[in-house]
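Participant: Return atomic coordinates for the entry below.
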Amino acid sequence: MADQTIRKLAVFRAPGYPYQDDKLTAGQTGVWSDIIDTWMTEEINAEYRDDDGNMHPLPGPRKRGCDGKPRTKLKQFFNGRITPYNVGQKPTPITWIGFPRLIQKETNTDQERWKEADAHRDRQDEYLEWTVKRDEDGRILSVTFTCEGPEYWAFLAEYAPKKMFAMYQSCNPEFASQMKQEDLFDSNGKYEPYNKWNGVVRSDPNSADDLITTNPGCIMHLAQKNNTLSAEIDIAAQGTVIRKRDDGTIISDPVELCNCSAYGNPTRNSDPKHGQIGSMINSLVVKGAKVSIADPVAIYMREFAASKFLLDVDGTGENLQPVPAGTFTWVRGDIKKYMGLRLHIQVPDGVVGTDGNAGRQLTVSDLVDTSNSQNVLYGAQFADYITMSVNGVVIPGGEPEPAQECPCKCKTEANGDAEAVSTTTTTTTTTTTMASSDGMGRFQGRMRV
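Facilitator: Next comes the predicted model:
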């Protein structure tokens with residue numbers, strides 16, 4: 001029988017805990033917990049504290065076609081440190097595929113989309129990013145995936161910088177001897193998430209667009225500007241608002257709901273149309289439930305269909321063998337608990353081919369996807385088989401709050417995409433700042449655009 005313990009959480013734990021234990025002190029755990037607590041409380045109260053300690057209303061969506069009004073307080077999103085709930089319940093997974101749907105929509109063939117996805121970290125926008133290392137002949141030596149938000153690493157940089165640096169080194173052993181702790185900070189001593197050991201730098205120091213890949217094979221955490229842990233919380237929280245059309249009917253269609261509330265992009269898997277972070281949560285609150293994100297709050301790789309791959313040992317494609325043990329390594333998190341954080345893919349040293357491949361160290365490019373009989377030529381091919389998730393928890397049995405009008409008016413095009421219809425003469429664009437420190441800058445970094 002499931003545990004029915006009704007209580008408040010003492011703290012929010014670090015991502016992946018206890019299966020990923022970064023050995024934080026009690027004080028460090030308390031600081032991280034307070035960060036998550038603050039994000040949730042700001043969403044619920046619809047207000048934020050500025051750097052001087054003054055409270056201000058949280059602004060509503062700042063996209064074209066939105067009314068510009070502040071957000072309203074949330075009655076069906078709860079903070080587990082404040083509101084008691086059944087902490088023993090089995091979390092409800094909200095899932096989506098890790099390959100970027102925006103790229104899939106823009107390309108015509110598998111080869112096109114895989115190549116495009118590998119080429120740009122700032123196009124990997126499903127809370128899953130990866131880096132690919134090749135040999136001089138173009139064969140893939142390794143692929144490393146991460147789904148860890150930048151905020152956790154910014155927190156470690158401030159409160160446990162030596163630990164954070166050691167984690168960078170242990171996760172990237174091939175580059176460890178080249179790393180210096182100061183490489184991870186800017187000239188003002190602030191953590192720089194776009195650093196060469198996270199595998200990307202900014203082409204423009206003031207912009208998170210057009211990221212330049214550095215040190216292929218080296219990666220630490222998410223870098224795409226919308227891939228933040230706080231953006232996940234924002235979508236989940238705003239997904240608890242029931243919306244209605246002008247005629248009073250309740251909105252349930254995921255795309256229409258996303259466009260109405262403007263809490264994401266309906267053409268992403270991880271935003272409300274297909275991954276349904278927002279729309280699945282909304283389907284719970286219309287039944288009267290209160291909803292939150294399960295502790296530890298994080299984005300996870302929930303499943304990886306490794307069984308799709310076999311090893312082409314002789315180069316003919318006809319003598320496929322099981323993938324050697326140690327090829328797929330979960331460096332952080334535990335996929336058996338549906339909480340994978342970091343996946344490294346590399347054929348172990350000493351695994352050599354036969355016949356046409358005789359004596360050659362086999363590589364990731366010698367793996368074959370049995371669903372399409374194609375060798376692995378791009379890291380993105382694995383993303384097709386990685387299922388991402390956010391874990392929700394509920395307090396059932398309540399009454400749904402009255403539906404609210406849409407703050408944003410959008411029309412839907414024939415291809416299913418949405419275009420905002422401007423109702424004002426002034427157009428305002430949402431801005432984002434990764435891992436911002438305080439106040440409104442931090443809140444802007446939470447909005448997924």
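Participant: Tell me the strands beside the lengthiest strand in the chain, with direction?
Facilitator: Assignment by DSSP state E gives strand 386-395 as the longest strand of the chain. With DSSP bridges as the test, strand 386-395 is paired with strand 92-97 (antiparallel), strand 290-293 (antiparallel), strand 300-304 (antiparallel).
Participant: Show me what the very next helix or strand once past it is packed against.
Facilitator: Tracing the chain C-terminally past strand 386-395 and defining elements by DSSP states H and E, one meets strand 404-405 next. Packing contacts for strand 404-405, counted by 3 or more Cβ pairs under 8 Å, 6 or more residues apart in numbering; DSSP states H and E, involve strand 243-244. In this view, the C-beta of every residue, glycine as well, is placed from N, C-alpha and C.
Participant: for the strand it packs on, packing partners?
Facilitator: Partner elements for strand 243-244 (3+ Cβ pairs under 8 Å, 6+ apart): helix 254-261, strand 404-405.
Participant: Of the ones you listed, flag the one that's most buried.
Facilitator: helix 254-261 (a mean of 24; mean count of other Cβ atoms under 10 Å).
Participant: Roughly how far does Ser170 sit from Thr370?
Facilitator: 33 Å (Cβ to Cβ, to the nearest Å).
Participant: repeat for Glu106
Facilitator: 27 Å.
Participant: Which of the helices and strands in the chain ranks last by mean pLDDT?
Facilitator: strand 418-420 (a mean of 40; mean pLDDT, DSSP states H and E).
Participant: quick revisit: rank the strands paired with strand 386-395 by pLDDT, which is bottom?
Facilitator: Per-stretch mean pLDDT for the strands paired with strand 386-395 is lowest at strand 92-97 (a mean of 92).
Participant: Beyond that strand, next helix or strand please.
Facilitator: Using DSSP H and E, the first helix or strand after strand 92-97 is helix 101-106.
Participant: I'd like to know which elements that following helix is packed against.
Facilitator: helix 110-119.
Participant: which strands and helices sit next to the next helix or strand after the helix it packs on?
Facilitator: Sequence-wise, the next helix or strand downstream of helix 110-119 (DSSP H and E) is strand 129-134. Packing partners of strand 129-134 (3+ Cβ pairs under 8 Å, 6+ apart): strand 140-146, helix 380-383.
Participant: And the average pLDDT for the shortest one is what?
Facilitator: Across helix 380-383, pLDDT averages out at 98.
Participant: Please point out which parts of stretch 71-90 sit buried.
Facilitator: 71, 74-81, 85-87, 89 (16 or more other Cβ atoms under 10 Å).
Participant: ditto for stretch 174-187
Facilitator: In stretch 174-187, counting by 16+ other Cβ under 10 Å, buried: Phe175, Met179, Leu184.
Participant: Same check on stretch 368-385?
Facilitator: Neighbour-count burial for stretch 368-385 [16+ other Cβ under 10 Å]: 368-369, 374-385.
Participant: Could you do stretch 17-33 as well?
Facilitator: Tyr17, Tyr19, Gln20, Asp22, Leu24, Gln28, Thr29, Trp32, Ser33.
Participant: from the middle of its chain, how far away would it be?
Facilitator: On the basis of Cα atoms, centre = their mean, to the nearest Å, stretch 17-33 is displaced by 20 Å from the centre of the chain it belongs to.
Participant: ends of that stretch, how far apart?
Facilitator: For stretch 17-33, the separation between the terminal residues is 13 Å (Cα to Cα, to the nearest Å).
Participant: got the contact list for it?
Facilitator: 11-14, 81, 152, 155-156, 159-160, 163, 167, 296, 332-334, 337, 339, 341 (Cβ atoms under 8 Å, 6 or more residues apart in numbering).
Participant: Repeat the analysis, applying 10 Å as the threshold.
Facilitator: 9-16, 37, 81, 148, 151-152, 155-156, 158-160, 163-164, 167, 295-298, 330-342 (Cβ atoms under 10 Å, 6 or more residues apart in numbering).
Participant: List the ones among these that fall in strands.
Facilitator: Counting by DSSP E, the contacts of stretch 17-33 contribute Trp330, Val331, Arg332, Gly333, Asp334, Met339, Gly340, Leu341, Arg342 to strands.
Participant: and stretch 396-403, which residues are buried?
Facilitator: Buried, per 16+ other Cβ under 10 Å, within stretch 396-403: Pro400, Glu401, Ala403.
Participant: Any idea how far apart the tips of that stretch sit?
Facilitator: OK, stretch 396-403 end separation, Cα to Cα: 18 Å.
Participant: Kindly report the same for stretch 362-369.
Facilitator: Termini of stretch 362-369 sit 16 Å apart (Cα to Cα).
Participant: Could you do stretch 40-51 as well?
Facilitator: End to end - Cα to Cα - stretch 40-51 spans 18 Å.
Participant: picking that back up, of the ones in strands among the contacts of stretch 17-33, which is the most crowded?
Facilitator: When neighbours are taken as other Cβ atoms under 10 Å, the top entry among the ones in strands among the contacts of stretch 17-33 is Gly340 (28 neighbours).
Participant: show me the contacts for that one.
Facilitator: 16, 19-20, 145-147, 300-304, 330-334, 386-389.
Participant: right, and Thr228 touches Pro150 too?
Facilitator: Yes: using Cβ atoms under 10 Å, Thr228 is in contact with Pro150, at 6.2 Å.
Participant: before we move on, back to that, and the strands paired with strand 386-395: which comes nearest Pro61?
Facilitator: strand 290-293 (20.3 Å; Cβ to Cβ).
Participant: helices and strands around whatever helix or strand Gln169 lives in, which ones?
Facilitator: Using DSSP H and E, Gln169 maps to helix 161-171. Counting contacts by 3 or more Cβ pairs under 10 Å, 6 or more residues apart in numbering; DSSP states H and E, helix 161-171 packs against helix 150-159, strand 328-334.
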